[in-house]
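Enquirer: Pasting the sequence and the predicted coordinates here, then a few questions.
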Amino acid sequence: MEIIGFILAFVIGITLGLVGAGGSILTVTVLVYVLQISPTMATTYSLFIVGITSLVGSIDYFRKGLVDLKKGLFFSFPAFVMVFLMRKFVMHEIPEVVWQTANFILSKNLLVMLFFALLMIGASYSMIRSNKKPNEQVGHQVSYWMIFLEGILVGILTGFVGAGGGFMIIPAMVVFAKLPMKKAVGTSLLIITINSIFGAIGDFSAGVSLDWYFLTKFAVLTIAGILTGGYLSKKINGEHLKPAFGWFVLVVGCWVIIKELFLH
């Protein structure tokens with residue numbers, strides 16, 4: 001299964017390069033169900049893998065002038081603060097058994113996976129509707145308070161499930177920060193990189209130890225995939241693939257809920 005997991009790491013990178021979203025969603029899924037890593041630890045690994053991969057992806061956008069540093073850092077500040085707090089203080093204080101009855105036990109790992117599945121369903125909706133892009137011309141006033149609030153929300157979600165939140169960040173950059181789509185994507189990669197770094201710092205400061213050899217192999221393959229996907233994106237329009245990928249994520253999200261609740 002490990003070989004299959006590493007092959008899928010490369011596929012995750014290609015998907016990121018082509019579609020520009022869904023990397024953390026696929027990463028956590030592969031880590032938990034293919035490589036048999038616990039959901040809680042998978043969120044930690046995902047932060048590291050997605051952070052490194054997003055950094056590589058953002059460099060190309062930065063070179064092309066498609067990153068808005070001011071708005072990206074403004075969004076990142078409340079986001080990375082919440083990610084750090086979630087990883088250092090909240091996640092490690094959640095008991096292993098959150099709630100139980102005579103017939104049902106809600107464990108910490110089950111809570112993480114159910115929340116993650118709901119996030120997948122939300123992300124799938126955003127990707128399925130990707131052909132109906134937010135109106136980039138509505139108004140000219142940048143809504144900084146909405147950017148700040150969305151940053152807090154993304155930080156909480158990223159901290160809890162180890163997902164980058166690109167499906168929330170990109171629309172926020174378009175609607176509230178008034179960025180054109182390509183610049184919103186580049187800025188989103190910067191934000192995801194910062195959030196992931198601070199999330200990983202939160203874990204390290206809480207005493208979490210990682211298998212660096214495993215992480216390095218997985219990250220290298222994902223980076224190779226995103227570079228390959230970036231090359232293919234010159235020949236294939238990723239926006240045309242995004243709705244189909246969204247339906248795939250929707251099916252997987254529903255399957256996760258069914259598996260976790262009924263197929264144990």
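Expert: Here it is on my side, so go on.

Enquirer: Give the closest residue to the spatially most central residue of the chain in space, chain neighbours not counted.
Expert: Centroid-nearest residue in the chain, with CA atoms, centre = their mean: Gly164, separated by 2.5 Å. Closest residue in space to Gly164, ignoring its immediate chain neighbours: Ile192 at 4.0 Å, by CB to CB, 6 or more residues apart in numbering. C-beta here means a position set from N, CA and C on the backbone, and glycine is covered the same way.

Enquirer: Show me what the helix or strand encompassing the one you found is packed against.
Expert: Taking DSSP states H and E as the criterion, Ile192 maps to helix 181-205. With contacts taken as 3 or more CB pairs under 8 Å, 6 or more residues apart in numbering; DSSP states H and E, helix 181-205 sits against helix 39-63, helix 69-85, helix 144-161, helix 166-175.

Enquirer: Please name whichever of the ones you listed is nearest to Ile223.
Expert: Evaluated with CB to CB, the helices and strands packed on helix 181-205 place helix 39-63 nearest to Ile223, the distance being 5.2 Å.

Enquirer: Please name the residues that touch Thr40.
Expert: Counting by CB atoms under 8 Å, 6 or more residues apart in numbering, Thr40 makes contact with Met91, Lys108, Asn109, Val112.

Enquirer: typed the wrong thing, it's Glu96
Expert: Ser107, Lys108 are the contacts of Glu96 under CB under 8 Å, 6+ apart.

Enquirer: do Pro39 as well
Expert: So Pro39 contacts Val28, Val32, Asn109, Val112, Met113, Phe116 (CB under 8 Å, 6+ apart).

Enquirer: Throw those into CSV and include pLDDT, thanks.
Expert: Below are the contacts of Pro39 laid out as CSV (pLDDT from 0 to 100):
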residue, pLDDT
Val28, 90
Val32, 94
Asn109, 93
Val112, 92
Met113, 93
Phe116, 90
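
Enquirer: and which of the residues you listed is nearest to Gly186?
Expert: Taking CB to CB as the measure, Gly186 sits nearest to Val28 out of the contacts of Pro39, at 23.7 Å.

Enquirer: now the host helix or strand of that closest one, how far from the chain's geometric center?
Expert: In the assignment (DSSP H and E), Val28 maps to helix 23-33. Averaging C-alpha positions (CA atoms, centre = their mean, to the nearest Å) puts helix 23-33 10 Å from its chain's average.

Enquirer: and what of stretch 93-105?
Expert: On the basis of CA atoms, centre = their mean, stretch 93-105 sits 27 Å off its chain's mean C-alpha point.

Enquirer: is it true that Ala79 touches Gly155?
Expert: Yes - Ala79 is in contact with Gly155 according to CB atoms under 8 Å; the separation is 3.9 Å.
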